[in-house]
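[1] fold the following for me, if possible:
(chains A and B)
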There are 2 protein chains.
Amino acid sequence: MEKPQPIILVTNDDGIYARGILSLIEVMKNFGKVVVVAPDKPQSGMGHAITVGRILRLQKMDSLYGVEAYACTGTPVDCVKIAIYHIMKQRPDLIVSGINHGANNSINVIYSGTMSAAVEGAVEDIPAIGFSLLDHSRDANFEASKKVVAEVVDNALRHGIKSHTCLNVNIPNVPFEELKGIRVCRQAHAFWDDAFERRTDPHGDDYFWMTGEFRNHDDGEDTDVWALENNYVSVVPVQYDMTAHHYLNELKDWKLEIPKTK
Amino acid sequence: MEKPQPIILVTNDDGIYARGILSLIEVMKNFGKVVVVAPDKPQSGMGHAITVGRILRLQKMDSLYGVEAYACTGTPVDCVKIAIYHIMKQRPDLIVSGINHGANNSINVIYSGTMSAAVEGAVEDIPAIGFSLLDHSRDANFEASKKVVAEVVDNALRHGIKSHTCLNVNIPNVPFEELKGIRVCRQAHAFWDDAFERRTDPHGDDYFWMTGEFRNHDDGEDTDVWALENNYVSVVPVQYDMTAHHYLNELKDWKLEIPKTK
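    Residues are numbered from 1 along each chain as shown, chains lettered A, B, ... in the order given. Predicted coordinates:
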């Protein structure tokens, strides 16, 4: 008896019309039955946001990519939730998110809608991978990335991904020939040094654009930042337990108590 | 010479008009100089979202609470960023977020705008605490919570909070007399079993409401879920390194390689 095809949910945060998701769908069609549930508009920087107190809508658009596909008015995490709990008759064997137009390495994992969709997969204990190319432009070239996606997905389906984790794959923006390899890394310790540019609108009111410089304070050669700067694809395994376990005992020594006075 | 007053940034995710932030401001005025930068509307469930590709606006509203205060059109994380990088002349000594109307224990830490504001403080290496009361209603009673806030903040200012961590404080919805104590906990392993309720609008188009049941699969008496169910305040130390360190070596054994074929 033939092994049944894996069911693969594809999503992203750049929206269902982005080139990155088109490239991802093209690759994933070789691995199984693809269902697309993606935001109907760009949702970059949405982090792990979900839609609370507002409605969601779905639009079926199978003709867009020749597979079962839906545009959703919600966030990337909403897309994963409505796919799993409403649209799909059986839970997916794999969730892939991307290919993001732009980096999601290091601290960006918490701001990234692409990665939050993958993390939601981990929360649901479904194998999940987020892919990002270090090219922010709308017409980024995903040809090299597609080969990387195929390699990682092939391995993920063969080995399985550890329960309640997902993978964060970032791809340097260089021609295929210049990719030096694929490195398993930890997330570099970095942050954004933000700035707010004040402007005045035609009505005389102020508004602000947030801008920022990425600041890396982590020289480790085992980090994703190092790998990407040296033309390696970075693969960071991601978990979602936010507990600072190393700090529990010290905090207990505070001996916090409900104040006696009423 | 007198010790200078701590500078305290107050934010939340329920919006600047919420009762929870009013209660928090009342307590924090006893501890230092308070600056409020909070969303101009409810931003529950926004997770670590930031505003990308859209503008932000600020409205000064010092008369609202008798302290320097701004309503911001962005997310809770935007509020922290614009406070630190634009509004405040010196970096705050402490960031407090809340008091949230509703629970932010366990997995909710990643969906919560309240906690994401505190986590952004940790990323910026500023001591930060998120407070949440397990009462979702708009007219929740924060009197018992205020005493808990004072106890935790007093300790945090005396002991300091470990670099690059923050605290997630959840308070059971019971009268002050029934609070049994304050427990330092780990985040329970739980998730949301979601459902999508389909309705039809007056124009004949479908829309969906996301609903969900919180499912806890973790019986540990060292968890926040256990503490709250037993009328203890839970304090979970939170970090933001998402790397699944325990999985690095196994992943390396996959021996991922750039495919040979061009």
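
[2] where exactly do the helices run in the stretch 151-262 of chain A?
    Applying DSSP state H, counting those that start in this stretch to the stretch 151-262 of chain A gives helices spanning A:224-229, A:248-252.

[3] can you put these in a markdown table and add mean neighbour count?
    Where C-beta positions appear, they are placed from N, C-alpha and C, glycine not excepted. Formatted as a markdown table, these follow (neighbours: other C-beta atoms under 10 Å in any protein chain shown):
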| stretch | mean neighbour count |
| --- | --- |
| helix A:224-229 | 23 |
| helix A:248-252 | 15 |
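
[4] any chance of these in JSON lines, plus mean pLDDT and distance to chain B?
    Formatted as JSON lines, those follow (pLDDT from 0 to 100; distance: least, C-beta to the nearest C-beta, whole Å):
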{"stretch": "helix A:224-229", "mean pLDDT": "98", "distance to chain B": "9"}
{"stretch": "helix A:248-252", "mean pLDDT": "98", "distance to chain B": "5"}
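
[5] dump these to a markdown table, plus distance to residue B:139.
    Formatted as a markdown table, the helices of the stretch 151-262 of chain A follow (distance: least, C-beta to C-beta, whole Å):
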| stretch | distance to residue B:139 |
| --- | --- |
| helix A:224-229 | 46 |
| helix A:248-252 | 32 |
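
[6] now for these, which one comes closest to residue B:135?
    The closest of the helices of the stretch 151-262 of chain A to residue B:135 is helix A:248-252. By C-beta to C-beta, the value is 25.1 Å.

[7] just the CA trace of the closest one, in PDB.
    What follows is helix A:248-252 as a C-alpha-only set of coordinates in PDB (Å, rounded to 0.1, in the frame of the first residue of the first chain):
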ATOM      1  CA  LEU A 248      13.400  30.600  39.700                       C
ATOM      2  CA  ASN A 249      15.400  29.900  42.800                       C
ATOM      3  CA  GLU A 250      16.800  33.400  43.100                       C
ATOM      4  CA  LEU A 251      13.200  34.900  42.800                       C
ATOM      5  CA  LYS A 252      12.000  32.500  45.500                       C
END
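
[8] where's residue A:145, which helix or strand?
    helix A:143-159 (DSSP states H and E).

[9] what packs against that helix?
    helix A:19-28, strand A:94-101, strand A:128-133, strand A:166-171, strand A:181-184 (3 or more C-beta pairs under 8 Å, 6 or more residues apart in numbering or on different chains; DSSP states H and E).

[10] out of those, which is closest to residue A:50?
    Among those, strand A:94-101 sits nearest to residue A:50 (C-beta to C-beta), with 15.4 Å.

[11] centre of the chain to the closest one, how far?
    6 Å (C-alpha atoms, centre = their mean, to the nearest Å).

[12] stretch A:89-101 now?
    10 Å.

[13] do stretch A:137-144 as well
    Using C-alpha atoms, centre = their mean, the offset of stretch A:137-144 from its chain centre is 17 Å.

[14] can you say which of the helices and strands packed on helix A:143-159 is nearest to chain B?
    strand A:181-184 (3.9 Å; C-beta to the nearest C-beta).

[15] buried sites along the closest one?
    Buried residues in strand A:181-184, counted by 16 or more other C-beta atoms under 10 Å in any protein chain shown: A:182, A:183, A:184.

[16] returning to that earlier point: is it possible to get a markdown table of the helices and strands packed on helix A:143-159 that adds mean pLDDT and distance to chain B?
    Shown next, in a markdown table, are the helices and strands packed on helix A:143-159 (pLDDT from 0 to 100; distance: least, C-beta to the nearest C-beta, whole Å):
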| stretch | mean pLDDT | distance to chain B |
| --- | --- | --- |
| helix A:19-28 | 98 | 12 |
| strand A:94-101 | 98 | 12 |
| strand A:128-133 | 98 | 11 |
| strand A:166-171 | 98 | 8 |
| strand A:181-184 | 98 | 4 |
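
[17] so which of the ones you listed comes closest to residue A:197?
    strand A:94-101 (22.4 Å).

[18] so what does the closest one touch, helix or strand wise?
    Going by 3+ C-beta pairs under 8 Å, 6+ apart, strand A:94-101 lies up against strand A:7-11, helix A:19-28, helix A:113-123, strand A:128-133, helix A:143-159.

[19] in it, what's buried?
    Buried-residue list, strand A:94-101, by 16+ other C-beta under 10 Å: A:94, A:95, A:96, A:97, A:98, A:99, A:100, A:101.

[20] near chain B at all, the next helix or strand after that strand?
    Tracing the chain past strand A:94-101, the next element assigned as helix or strand by DSSP H and E is helix A:108-111. Yes - using C-beta under 8 Å from any C-beta of the partner chain, helix A:108-111 comes into contact with chain B via A:109, A:110, A:111.

[21] correct me, but residue A:230 touches residue A:180?
    Yes - contact criterion C-beta atoms under 8 Å: residue A:230 and residue A:180 qualify, at 6.7 Å.

[22] check contacts around the nearest residue to residue A:142 once chain neighbours are set aside.
    In space, and not counting its chain neighbours, residue A:142 is closest to residue A:23: 3.7 Å by C-beta to C-beta, 6 or more residues apart in numbering or on different chains. By C-beta atoms under 8 Å, 6 or more residues apart in numbering or on different chains, the residues touching residue A:23 are A:99, A:142, A:145, A:146, A:149.

[23] now do the residue nearest the centre of chain A against residue A:97, distance only.
    With distances taken as C-alpha atoms, centre = their mean, residue A:115 lies nearest the centre of chain A, 1.9 Å away. Residue A:115 sits 7 Å away from residue A:97, going by C-beta to C-beta, to the nearest Å.

[24] joint contacts of these two?
    By C-beta under 8 Å, 6+ apart, the residues touching both residue A:115 and residue A:97 are residue A:130.

[25] what number of residues are in the vicinity of residue A:137?
    Applying other C-beta atoms under 10 Å in any protein chain shown, we find 11 other residues in the vicinity of residue A:137.

[26] tabulate the helices and strands packed on helix A:143-159 (a markdown table), appending distance to residue B:249.
    Listed next are the helices and strands packed on helix A:143-159 as a markdown table, based on distance: least, C-beta to C-beta, whole Å:
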| stretch | distance to residue B:249 |
| --- | --- |
| helix A:19-28 | 27 |
| strand A:94-101 | 23 |
| strand A:128-133 | 19 |
| strand A:166-171 | 15 |
| strand A:181-184 | 8 |
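
[27] how far does stretch A:208-226 sit from the chain's center?
    With C-alpha atoms, centre = their mean, you get 17 Å for stretch A:208-226.

[28] before we move on, what about stretch A:59-70?
    Per C-alpha atoms, centre = their mean, the centroid offset for stretch A:59-70 relative to its chain is 21 Å.

[29] mind listing what's buried in that stretch?
    Buried-residue list, stretch A:59-70, by 16+ other C-beta under 10 Å: A:61, A:64, A:65, A:67, A:69, A:70.
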